[in-house]
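Participant: I would like the atomic coordinates for the input below:
(one chain, ligands or ions: 1)
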Amino acid sequence: MAQDTDDLKGAVLAAVSAADIPALDDIRVSALGKKGRITDLMKTLGALPPEERKARGAALNVLKDEIATAIDARQKVLAATALQERLVRESVDVTLASRPQAEGRVHPISQTIDEIVTIFASMGFSVAKGPDIESEYYNFEALNLPSSHPARDMQATFFLPSEGEHKTVLRTQTSPVQIRTMMAQKPPIRIIAPGRTYRCDHDMTHTPMFHQVEGLVIDEASHMGHLKGCLLDFLRAFFGIEDLPIRFRPSYFPFTEPSAEVDIGCSRKNSAGETELRLGNFGDWLEILGCGMVHPNVLKNCGIDPEKYQGFAFGMGIERLAMLKYGIPDLRTFFDADLRWLKHYGFLPLDIPNPALKG
Ligand code: DAH
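Facilitator: Numbering: from 1, shown residues only. Down below sits the predicted model:
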């Protein structure tokens with residue numbers, strides 16, 4: 001073979017053996033491409049005498065094949081090396097510990113509120129809200145508790161420094177949300193109002209801040225029977241006990257007439273005679289909430305005609321519901337912000353611990 005083709009071959013093969021993938025493409029183009037060096041040499045064949053042309057043409061074709069083969073071989077080597085490097089780099093270490101579970105927990109109060117809302121939402125209730133700092137008027141007077149009323153003493157109130165006529169308190173109950181709702185909305189009304197409430201009390205069963213959920217239904221026809229059915233369905237769904245017995249006991253609240261307290265069935269001793277609280281049809285009773293038919297004075301205070309409209313209300317403590325359902329013994333621990341407690345009693349974000357809520 002001629003010296004020029006020998007030189008070309010030596011140069012190209014040397015470049016191929018040192019090339020990486022992008023360089024290899026450049027070599028392919030510069031040697032074999034339309035304007036490549038082999039192609040250029042091919043173009044010179046026409047000027048040669050026939051016998052020389054034949055030998056040179058054959059030699060050039062061999063050279064072309066050799067270069068193409070060398071490029072392909074190098075390409076394969078480079079691809080295999082790249083794959084190998086990737087496999088090493090991306091290998092899965094099966095001995096690694098599994099990823100830690102999500103650290104955060106949903107507080108039992110939040111979980112319980114979610115469950116309460118879910119059950120009442122399925123009965124057509126929507127959620128209403130009111131402020132923690134409430135006017136004394138909405139917290140008491142509008143609810144038929146005049147300032148001289150003895151029932152005010154039942155609620156150890158935090159009074160806030162207030163100017164002039166407009167006195168404010170930390171709301172002692174969620175009941176003022178009834179007033180706010182009836183003043184803002186026309187019947188039919190069907191709301192629940194979960195939220196924080198405050199009283200200056202502190203012992204095993206009382207904390208200065210706690211939570212209640214209020215319920216209010218106002219329309220032209222809802223009566224005591226609806227109240228009973230609604231609370232029966234709620235309590236059975238919430239505790240997940242289908243035959244949980246419910247008892248209505250006459251009671252007194254200024255904003256309802258008649259008023260009742262509701263008890264659920266329980267047992268305070270286990271079969272071994274030890275103290276243990278269990279809910280169900282065991283013959284004993286536990287108070288769980290207050291309720292009644294909304295007092296005509298309350299309707300009047302909100303500009304609703306008691307001759308035309310009527311309805312019921314109820315209120316209950318959320319901590320108490322959570323303690324009973326989840327076996328939490330001390331109310332104060334809800335607000336200790338102890339992470340060990342939260343890890344034990346808290347919920348993962350997607351937990352649905354209440355079988356009554358599934359499906
Ligand atoms: N607000 C009452 C309390 O804090 C609970 C209550 C009782 C609310 C009866 C009501 C009701 O709406 O009808 O003790």
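Participant: what secondary structure does P131 sit in?
Facilitator: coil (DSSP: H, G, I helix; E, B strand; the rest coil).
Participant: How about it, nearest residue that isn't a chain neighbour?
Facilitator: Of all residues not flanking P131 in the chain, R171 sits nearest, at 7.5 Å (Cβ to Cβ, 6 or more residues apart in numbering). In this view, the C-beta of every residue, glycine as well, is placed from N, C-alpha and C.
Participant: Check D330 too.
Facilitator: M204 (6.2 Å).
Participant: Quick one: residues contacting that neighbour.
Facilitator: D330, L331, R332 (Cβ atoms under 8 Å, 6 or more residues apart in numbering).
Participant: still on that earlier bit, any idea how far the residue nearest to P131 is from I133?
Facilitator: Look at R171 and I133: by Cβ to Cβ, to the nearest Å, they are 8 Å apart.
Participant: and if you look at K35?
Facilitator: Applying Cβ to Cβ to K35 and I133 gives a distance of 84 Å.
Participant: what's the answer for L45, then?
Facilitator: 99 Å.
Participant: and if you look at V117?
Facilitator: Distance from V117 to I133, by Cβ to Cβ: 23 Å.
Participant: Compare those two (neighbour count), which wins?
Facilitator: V117 (16 against 13; other Cβ atoms under 10 Å).
Participant: just checking, the more buried one touches I192?
Facilitator: Yes - judged on Cβ atoms under 8 Å, V117 makes contact with I192 at a distance of 6.9 Å.
Participant: And stretch 125-144, what's buried?
Facilitator: Residues 125, 127-128, 130, 134-140, 142-144 are the ones in stretch 125-144 that count as buried (16 or more other Cβ atoms under 10 Å).
Participant: Which of those residues sits closest to the ligand?
Facilitator: Relative to the ligand, the closest of those is L143; by Cβ to the nearest ligand atom it sits at 8.0 Å.
Participant: Quick check: closest non-adjacent residue to that closest one.
Facilitator: Using Cβ to Cβ, 6+ apart, the nearest residue to L143 is F255, at 4.3 Å.
Participant: Tell me how many other residues crowd that neighbour.
Facilitator: 24.
Participant: give the contact list for it.
Facilitator: L143, N144, L145, S175, Q178, G292, V294, H295, V298, A313.
Participant: List phi and psi for it.
Facilitator: Per-residue torsions, F255: phi -90, psi 0 (degrees, to the nearest 10).
Participant: now swap in I241 and tell me
Facilitator: phi -120, psi 110.
Participant: can you list the domains in the chain?
Facilitator: Domain segmentation of the chain under automatic domain parsing yields 2-89, 108-347.
Participant: roughly how far apart are I304 and L143?
Facilitator: Taken as Cβ to Cβ, the span from I304 to L143 is 14 Å.
Participant: The residue nearest to D132 when sequence neighbours are not counted: which element?
Facilitator: Leaving out its chain neighbours, the residue that sits closest to D132 by Cβ to Cβ, 6+ apart is R196, at 5.4 Å. R196 is part of strand 189-198, with elements assigned from DSSP states H and E.
Participant: ok so, going back, just the local confidence number for the residue nearest to L143, please.
Facilitator: Note on F255: pLDDT of 97.
Participant: how near is it to the ligand?
Facilitator: Plainly put, F255 is 6 Å away from the ligand if you go by Cβ to the nearest ligand atom, to the nearest Å.
Participant: Can you report how many residues neighbour L321?
Facilitator: L321 has 23 nearby residues by other Cβ under 10 Å.
Participant: Thought T112 was touching it, still the case?
Facilitator: Yes - the pair L321 and T112 qualifies as a contact (Cβ under 8 Å) at a distance of 5.8 Å.
Participant: For the residue in the stretch 101-250 of the chain that the ligand sits nearest to, which non-adjacent residue is spatially closest?
Facilitator: Residue nearest to the ligand within the stretch 101-250 of the chain (Cβ to the nearest ligand atom): Q173, separated by 3.6 Å. Counting by Cβ to Cβ, 6+ apart, T197 is the residue found nearest to Q173 once chain neighbours are left out, at 5.7 Å.
Participant: The one you found: neighbouring residues, count only.
Facilitator: Residues near T197, counting by other Cβ under 10 Å: 24.
Participant: my read: it touches P176, true?
Facilitator: No - T197 sits out of contact with P176 when judged by Cβ under 8 Å, with a separation of 9.8 Å.
Participant: Point out the most buried one among the domains of the chain.
Facilitator: Mean neighbour count (mean count of other Cβ atoms under 10 Å) peaks for domain 108-347 among those, with a mean of 17.
Participant: Compute the first-to-last residue distance for that one.
Facilitator: 7 Å (Cα to Cα, to the nearest Å).
Participant: Same check on stretch 97-107?
Facilitator: By Cα to Cα, one end of stretch 97-107 lies 28 Å from the other end.
Participant: which residues sit against that stretch?
Facilitator: Counting by Cβ under 8 Å, 6+ apart, D114, F334, L342, K343, G346, F347, L348, P349, D351 sit against stretch 97-107.
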